[in-house]
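1. quick one, structure for this:
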Amino acid sequence: MMSATTTPITRRDVVAGVVAGGAALALPAIAQTVPATKAALVGPLAPNPVEFKKVLDEFTRGKTPKAEGLTLDVSILADNPSAVPVKVKVDLPITDKDWCEEIIVLAELNPSPLACRVKFTQANGTAEAAVRVRLSQTQTIHALARMKSGQLLAAKQAVTVAASGCGM
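-> From the prediction side, this is the model:
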């Protein structure tokens with residue numbers, strides 16, 4: 001019968017193992033701190049500024065929207081860019097003579113910038129919408145509302161995206 005020999009573990013072996021393990025854990029953190037040039041999205045994920053401007057111009061019809069009277073509630077950090085919650089509410093009073101006719105939500109750098117369009121009537125009594133928007137990259141969300149009187153309201157919020165939601 002053969003006898004098995006074992007080599008004793010030295011303090012040097014333990015220290016070397018701890019250093020190697022620590023280095024392996026630190027590599028992902030070091031890789032994230034190195035500034036990387038962010039490649040522009042191309043193909044079907046590329047921003048469409050022409051479409052964004054077209055939808056914006058069609059909605060505003062040459063008028064300048066007021067930056068008050070409309071509340072846009074969206075987180076500044078999108079941890080799940082596939083479904084970013086967006087809430088829009090008109091703060092102006094709804095009367096028999098003036099009410100919100102329409103609200104749109106635009107994602108400025110998405111391939112299809114129009115994320116939501118909601119139409120209202122006088123019978124609604126309030127004008128608010130809650131949707132989930134898919135974002136392709138860090139960008140600004142725009143909300144616009146058109147009142148019966150022709151008055152336009154606008155609100156916007158920059159949203160930082162952790163990872164693209166459109167490419168998933």
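
2. name every strand pairing with the strand or helix carrying C116 and say which way it goes.
-> Applying DSSP states H and E as the criterion places C116 in strand 114-119. Counting by DSSP bridges, the strands paired with strand 114-119 are strand 100-107 (antiparallel).

3. count the residues that sit near the residue lying closest to A158 once chain neighbours are set aside.
-> Residue nearest to A158 in three dimensions, not counting chain neighbours: T140, with 5.0 Å by Cβ to Cβ, 6 or more residues apart in numbering. From N, CA and C alone the C-beta is placed, and that goes for glycine too. Residues near T140, counting by other Cβ atoms under 10 Å, number 12.

4. swap in the one 5 residues further on?
-> Neighbour count of A145, defined by other Cβ under 10 Å: 29.

5. mind listing what the closest residue to it other than its chain neighbours touches?
-> Closest residue to A145 apart from its sequence neighbours, by Cβ to Cβ, 6+ apart: L153 at 4.3 Å. Counting by Cβ atoms under 8 Å, 6 or more residues apart in numbering, L153 touches P65, K66, E68, G69, L70, V90, L92, L144, A145, R146, M147.

6. ok, then the element right after the helix or strand containing V50?
-> Using DSSP H and E, V50 sits in helix 49-60. Counting by DSSP H and E, the next helix or strand C-terminal to helix 49-60 is strand 70-74.

7. which residues does that next one contact?
-> 84-91, 141, 143-145, 153-157, 159.

8. how about a cut-off of 10 Å?
-> Outside of strand 70-74, the residues within contact range by Cβ atoms under 10 Å, 6 or more residues apart in numbering are 84-92, 100, 103, 105, 127-128, 130, 133, 141-145, 152-159.

9. separate out the buried members of those.
-> 84, 86, 88-90, 92, 100, 103, 105, 127-128, 133, 141-145, 152-156, 159 (16 or more other Cβ atoms under 10 Å).

10. mind checking which of those residues land in strands?
-> Taking DSSP state E, the ones among the buried ones among the contacts of strand 70-74 that sit in strands are 84, 86, 88-90, 100, 103, 105, 128, 133, 141-145, 152-156, 159.

11. what is the end-to-end distance of stretch 76-93?
-> Stretch 76-93 has an end-to-end distance of 28 Å (Cα to Cα, to the nearest Å).

12. got the contact list for Q139?
-> Neighbour list for Q139: P47, A78, L106, A107, E108, L109, N110, P113, A158, V159, T160, V161 [criterion: Cβ under 10 Å, 6+ apart].

13. which pLDDT value belongs to it?
-> At Q139, the pLDDT value in this model is 94.

14. for it, name its beta-bridge partners.
-> Q139 has the following beta-bridge partners by DSSP bridges: V159.
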